[in-house]
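Colleague: Quick one, fold the following:
(chains A and B)
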Amino acid sequence: MSNLENLKYSKSHEWVEETGENTVKIGLTDFAQHELGDLVFANLPEVGDDVTVEEAFADVESVKAVSDVFSPVTGVVSAVNEELMDNPQKINEDPYGAWFIEVKEVSDREELLDSEAYKKFCEEEA
Amino acid sequence: MDLIFEKSRIGRGCTVLPECDVPIAEIPKSEARACAPRLPQMAEIDISRHYTELMKRTHGVNDGFYPLGSCTMKYNPKLNEELAALPGFTGVHPLQEESTVQGCLAVLEKTEELLGEITGMDQMTFQPAAGAHGEFTGLLLIKAFHKARGDVKRTKIIVPDTAHGTNPASCTMAGFKVISVPSNEEGCVDLEKLREVVGDDTAGLMLTNPNTVGIFDRNILEITKIIHEAGGLNYYDGANLNAVMGIARPGDMGFDVIHLNLHKTFSTPHGGGGPGSGAVGCKEFLAPFLPKFHVVKIGDEYAFENPAQSIGSVKAFYGNFLVVVRALSYILVLGNQGIPEAAGNAVLNANYMRVKLQDTFDIAFNNICMHEFVMSMTKLKKEKGVSALDFAKGLLDHGVHPPTMYFPLIVDEALMVEPTETESKDTLDNVVAIFKEIYKNARENPEAMHEAPHTTPVRRLDEVGAARNPVLKFEKWK
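Modeller: Alright, predicted model coming up:
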């Protein structure tokens, strides 16, 4: 189970990368994509949408089920990785490259785990 | 096997029309199509063989055990077919004068009366063609009710996390926002959490009872009261009515509007895209909003009426009428003793299987269940790498249709088993033995499980490829 050390992680299995002042990129972790299985559809918000901490901002669909993706932060969507809508398999192939959205004006965030703590958390979940 | 379009040969056919004995009327050019429809051209014998071959490659209730949870794949009595084939039912046209189809209208009226008695509802429409269509219709009734009172702030429908996937989908289609409420450790609605989410924006609640883990929510009266006190309405998803039909009535549980799947609970054919019926029943106060073509009896005459504030039509004419004939046949044959007895046997069969399997399998919320129960394959997956999917595919090699997989979402590696009332103890014993044999094989030889099924016309299908790159039309004639 790979985790990148410079990222932070939520307990609902999203990763958060600091990309600037009050700006973050959000994606799904390797653990999450593995649990979900092959993804066939990703539904993303639009630039300018508000996201709220611990509320769903996107959903992904595998052949088994549709699952919500939760935002670890509150802020405004400043960029969307639209490639994922045409190629949801990127999330499976390269979970840490396949960012979902970039959020600016981050005003709130949940308590995030570092890679060591997240790794441990996943081991307990598995 | 070739598609019927690939078997087509130009000029071949099987229509022998008698000589025309009336003047030939030309179709006006403006109405005529530019070219003939591209239908397969085949001789009758080849058509017959084509469909017989297709039939051999399928698995239905007539082939073997079919425990698809929350789908109630019960046996469809042949008598239903005989009655639905009567020429008085099959030879009518939807635009015929009401006075010439009084028998058909009587069927709709009688079925409405009997289903009303079974469910505790006052009026019913047979327009919706299937369950999700019924949900959509029922939600439109709720929406129309709030709107008629000028209460437009009610935009949210509360749905438990065990709900059928169609519930949130129907809510969204009907323009509502879905609020999911979690289950407690017994698998039922968490009352505290429910109280937290209700408010003056609550349009209603959608609930299946018994729910999808096969448990009758004993707090049902409290649940519906919480919603009513908040000003919302209660919607009953009839998918699991089979467990309680003739015993407990949604109308008495506090529900205002329901849908029934006649193709589940009332033994009409199910699946394969054939016509279903998602009849929607409601309490009197919602009746003014029902879809068009509602049958009323005035004196000895039957007639259609369009309710005063009708939401309009949700399907052409009266829905799938011949399905209603089959359901009426089923209800009249079983009667008021047979209907509850069928429900009782459905519950008994599910509990018999559950108890027989519980020494080998992990049963979720393992307690006395209703008509279905859920097993979790998590342990097998962790220890041997054999998933619920592998197990389901293994069942196919034994001539058993798999249970519902990966549902409800609150149970990992779920298999949801609903045997239905019509299976004998012999059949259940045989299936229990098959389940245990597959489990044993899975532990001893897990690798082989990934290869199953071996004996079916097609092996493992590429579900991911089908979803990512769907081919939606026959390409040869593009």
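Colleague: Can you name the residue of chain A nearest chain B?
Modeller: Going by Cβ to the nearest Cβ, chain B is nearest to A:Val40 of chain A, at 3.6 Å. C-beta: built from backbone N, CA, C; applies to glycine.
Colleague: Which residue comes closest to residue 74 once chain neighbours are left out?
Modeller: Using chain A. What sits nearest to A:Thr74 in space, not counting adjacent residues and going by Cβ to Cβ, 6 or more residues apart in numbering or on different chains, is A:Asp108, at 3.9 Å.
Colleague: if you could check chain B rather than the one you did, that'd help
Modeller: Leaving aside its sequence neighbours, B:Lys74 sits nearest to B:Thr420 (Cβ to Cβ, 6+ apart; 4.3 Å).
Colleague: cool, and B:Ile10?
Modeller: Nearest to B:Ile10 is B:Gln41, by Cβ to Cβ, 6+ apart, at 6.1 Å.
Colleague: my guess is the residue nearest to A:Thr74 contacts A:Pro72, does it?
Modeller: No. Taking contacts as Cβ atoms under 8 Å, A:Asp108 lies outside contact range of A:Pro72: 9.8 Å.
Colleague: the more surrounded of these two?
Modeller: Regarding A:Asp108 and A:Pro72, a neighbour count based on other Cβ atoms under 10 Å in any protein chain shown identifies A:Pro72 as having more, with 25 against 12.
Colleague: On the pLDDT front, check the more buried one for me.
Modeller: Listed pLDDT for A:Pro72 reads 96.
Colleague: need the contact list for it.
Modeller: The contact partners of A:Pro72, taken as Cβ atoms under 8 Å, 6 or more residues apart in numbering or on different chains, are A:8, A:10, A:12, A:14, A:16, A:26, A:53-54, A:109-110, A:112.
Colleague: List buried members of the residues you listed by neighbour count.
Modeller: Buried by 16 or more other Cβ atoms under 10 Å in any protein chain shown: A:8, A:10, A:12, A:14, A:16, A:26, A:53, A:109-110, A:112, out of these.
Colleague: Just put these in JSON lines and tack on secondary structure.
Modeller: Below are these laid out as JSON lines (DSSP: H, G, I helix; E, B strand; the rest coil):
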{"residue": "A:Lys8", "secondary structure": "strand"}
{"residue": "A:Ser10", "secondary structure": "coil"}
{"residue": "A:Ser12", "secondary structure": "coil"}
{"residue": "A:Glu14", "secondary structure": "strand"}
{"residue": "A:Val16", "secondary structure": "strand"}
{"residue": "A:Ile26", "secondary structure": "strand"}
{"residue": "A:Val53", "secondary structure": "coil"}
{"residue": "A:Arg109", "secondary structure": "strand"}
{"residue": "A:Glu110", "secondary structure": "coil"}
{"residue": "A:Leu112", "secondary structure": "coil"}
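Colleague: re earlier: heading C-terminal from the helix or strand that contains the residue nearest to A:Thr74, find the next helix or strand.
Modeller: In the assignment (DSSP states H and E), A:Asp108 maps to strand A:101-109. Downstream of strand A:101-109, the first helix or strand assigned by DSSP H and E is helix A:115-125.
Colleague: got a list of contacts for that next one?
Modeller: Residues from elsewhere that reach helix A:115-125 (Cβ under 8 Å, 6+ apart): A:1, A:3-5, A:7, A:9, A:11, A:29, A:31, A:113.
Colleague: mind checking the longest helix of chain B?
Modeller: Identified as the longest helix of chain B according to DSSP state H is helix B:321-357.
Colleague: Which elements pack onto the next helix or strand after that one?
Modeller: From helix B:321-357 onward toward the C-terminus, using DSSP H and E, the following helix or strand is strand B:362-363. With contacts taken as 3 or more Cβ pairs under 8 Å, 6 or more residues apart in numbering or on different chains; DSSP states H and E, strand B:362-363 sits against strand B:373-376.
Colleague: for the residue most central in space within chain A, helix, strand, or coil?
Modeller: Nearest to the geometric centre of chain A sits A:Gly27, at 2.6 Å (Cα atoms, centre = their mean). The three-state label for A:Gly27, taken from three-state DSSP, comes out as strand.
Colleague: cool, B:Phe304 as well?
Modeller: Following three-state DSSP, we place B:Phe304 in the strand state.
Colleague: Would you check how far apart the nearest residue to it once chain neighbours are set aside and B:Cys188 are?
Modeller: Spatially, and ignoring its direct neighbours in sequence, B:Phe304 is nearest to B:Phe293 (4.9 Å; Cβ to Cβ, 6+ apart). B:Phe293 sits 38 Å away from B:Cys188, going by Cβ to Cβ, to the nearest Å.
Colleague: and if you look at A:Asn81?
Modeller: 40 Å.
Colleague: out of the two, which sits in the busier spot?
Modeller: B:Cys188 (22 against 19).
Colleague: Might you report the residue contacts of the spatially closest residue to the more buried one that is not a sequence neighbour?
Modeller: Nearest residue to B:Cys188, sequence neighbours excluded (Cβ to Cβ, 6+ apart): B:Asp217, at 4.5 Å. Counting by Cβ under 8 Å, 6+ apart, B:Asp217 touches B:188-189, B:207, B:209-211, B:223.
Colleague: what does B:Thr166 give?
Modeller: B:Thr166 makes contact with B:131-132, B:135, according to Cβ under 8 Å, 6+ apart.
Colleague: The residues you listed into CSV, with extra columns for neighbour count and secondary structure?
Modeller: Below are the contacts of B:Thr166 laid out as CSV (neighbours: other Cβ atoms under 10 Å in any protein chain shown; DSSP: H, G, I helix; E, B strand; the rest coil):
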residue, neighbour count, secondary structure
B:Gly131, 25, helix
B:Ala132, 21, helix
B:Glu135, 29, helix
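Colleague: Which one of those is nearest to chain A?
Modeller: The closest of the contacts of B:Thr166, once distances to chain A are taken by Cβ to the nearest Cβ, is B:Ala132, at 15.2 Å.
Colleague: Would you mind confirming that B:Asn366 makes contact with B:Val355?
Modeller: No. Counting by Cβ under 8 Å, B:Val355 is not a contact partner of B:Asn366; they are 9.4 Å apart.
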